[in-house]
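Chemist: model this:
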Amino acid sequence: MTLVYIEQSDSGIDDLSLQALTFARSVAGPTATLTEAVTAEVLGDAALESLRRQGVSTLHVLRTADIDGYAPAALARGVAELAQQRAAAVVMAPSSDHGNEVMAHTAAILDQPLATDVLSLTLGAPATVARARWGGSLIEHAEVMGEPLLVTLAAHSVEVAEVSPAELAVLDFEVTLRPLDAVVVASKVQGEGSSSINLADAKVVVSGGRGVGSTEGFAVLEELADLLGGAVGCSRVVTSAGWRPHTDQVGQTGTKVAPDLYIACGISGATQHLAGCRTSKTMLVINNDPEASIMAHADYAIIGDLHTVLPAVVAEVRKAQSP
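Modeler: Model prediction:
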């Protein structure tokens with residue numbers, strides 16, 4: 001049996017969690033025929049329907065007494081206990097901030113290794129995994145021995161696929177906490193970014209780098225993103241300068257995105273940044289340096305000053321959208 005830790009967004013099951021559920025069904029071996037899910041939240045009807053269409057047989061809702069907020073160690077305690085109780089062969093989560101954190105605690109509790117950013121998993125004795133390393137510039141193949149196997153799935157490494165809806169049982173699971181499990185609790189989250197659209201799920205991302213020049217320079221990027229129904233991203237140098245919050249950062253140490261269109265404005269194309277956007281379906285680069293590293297990854301490029309180009313693009317988009 002495979003147990004998958006899932007997260008919920010405002011629109012339902014988080015897309016990275018849906019990817020993990022799809023991946024769980026594809027894992028080679030007889031233990032992949034049954035998938036169960038675990039969450040810390042009560043899910044609505046739409047979210048439950050999404051689980052049915054992922055072939056999930058059972059949803060376990062973790063119950064932790066007297067904890068109001070995100071407590072990674074407490075959640076991990078529940079995941080670990082469930083994995084042992086259900087004799088799970090594989091326990092996985094999306095390679096998100098929360099998914100990696102909860103699984104790291106789970107690995108510590110179970111005293112088992114954890115393979116993160118996994119692209120593929122083949123069960124056996126030992127199991128083998130492929131992982132993206134060095135910002136995706138190389139693929140590592142490794143053997144993993146664990147009971148259960150603990151993995152997190154690299155973001156956007158599989159396409160979400162549905163199956164015929166399955167019968168779904170929803171069960172509460174009371175977690176037996178230890179004193180230290182509730183030491184860290186995030187009761188409130190602030191500064192989640194400037195866009196109402198989740199960066200990781202956005203179909204269009206307008207991203208800015210050092211060339212944008214300032215916090216105020218992002219106004220035109222926000223305008224274009226709003227017109228295209230997308231989100232604003234940025235490079236690491238931008239967050240280091242304090243122009244944008246870390247939640248807007250695209251890259252190896254930020255959010256990994258896979259939009260239909262990625263518009264890179266004033267970004268040189270460091271390996272760490274490309275690790276977060278290389279799976280974009282189409283990349284448009286706006287840069288005044290024709291030799292910038294990111295040009296090698298562009299489907300389309302505009303060589304010019306972004307402060308001149310972007311207002312012209314915005315004007316043309318507005319014209320095209322006007323009745």
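Chemist: now stretch 201-219, how far from the chain's geometric center?
Modeler: Counting by Cα atoms, centre = their mean, to the nearest Å, stretch 201-219 is centred 20 Å from the centre of its parent chain.
Chemist: tell me how far the ends of it are from each other?
Modeler: 21 Å (Cα to Cα, to the nearest Å).
Chemist: ok, for residue 75, nearest residue in space, not its chain neighbours?
Modeler: Excluding the flanking residues, the one nearest residue 75 by Cβ to Cβ, 6 or more residues apart in numbering is residue 102, at 5.0 Å. In this view, the C-beta of every residue, glycine as well, is placed from N, C-alpha and C.
Chemist: what ranges do the strands span in the stretch 101-250 of the chain?
Modeler: Taking DSSP state E, counting those that start in this stretch, the strands of the stretch 101-250 of the chain run over residues 114-122, 127-133, 138-144, 149-153, 169-174, 204-208, 231-234.
Chemist: mind listing what's buried in the longest one?
Modeler: Read that as strand 114-122. Residues of strand 114-122 classed as buried by neighbour count (16 or more other Cβ atoms under 10 Å): 114-121.
Chemist: The second one now?
Modeler: Burial within strand 127-133, assessed by neighbour count using 16+ other Cβ under 10 Å, is assigned to 127, 129-132.
Chemist: Run through the neighbouring helices and strands of it.
Modeler: strand 114-122, strand 138-144 (3 or more Cβ pairs under 8 Å, 6 or more residues apart in numbering; DSSP states H and E).
Chemist: Next, format these as a markdown table and append distance to residue 298 and mean pLDDT.
Modeler: Below are the helices and strands packed on strand 127-133 laid out as a markdown table (distance: least, Cβ to Cβ, whole Å; pLDDT from 0 to 100):
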| stretch | distance to residue 298 | mean pLDDT |
| --- | --- | --- |
| strand 114-122 | 24 | 94 |
| strand 138-144 | 22 | 92 |
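Chemist: looking at those, which is closest to residue 259?
Modeler: strand 114-122 (19.7 Å; Cβ to Cβ).
Chemist: Direction-wise, compare the closest one with strand 138-144 and give the angle.
Modeler: Strand 114-122 runs at 90 degrees relative to strand 138-144, counting by axes from the mean of the first three to the mean of the last three Cα atoms, to 10 degrees.
Chemist: Report the distance from strand 114-122 to the chain centre.
Modeler: Worked out by Cα atoms, centre = their mean, strand 114-122 lies 15 Å from the chain centre.
Chemist: same question, stretch 129-138
Modeler: On Cα atoms, centre = their mean, the centre of stretch 129-138 falls 16 Å from the chain's centre.
Chemist: what distance separates the start and the end of that stretch?
Modeler: End-to-end distance (Cα to Cα), stretch 129-138: 14 Å.
Chemist: and which of the buried residues of strand 114-122 is nearest residue 231?
Modeler: Distance to residue 231, by Cβ to Cβ, is smallest for residue 117 among the buried residues of strand 114-122, at 22.4 Å.
Chemist: Do I have it right that that closest one meets residue 152?
Modeler: Yes - judged on Cβ atoms under 8 Å, residue 117 makes contact with residue 152 at a distance of 6.6 Å.
Chemist: Pull out the buried positions in stretch 200-207.
Modeler: In stretch 200-207, counting by 16+ other Cβ under 10 Å, buried: 200-202, 204-207.
Chemist: relative to strand 204-208, how tilted is the lengthiest helix in the chain?
Modeler: The residue-count maximum for a helix in the chain (DSSP state H) belongs to helix 306-321. Interaxial angle, helix 306-321 versus strand 204-208 (the same axes, to 10 degrees): 160 degrees.
Chemist: Thanks again, I'm all set now.
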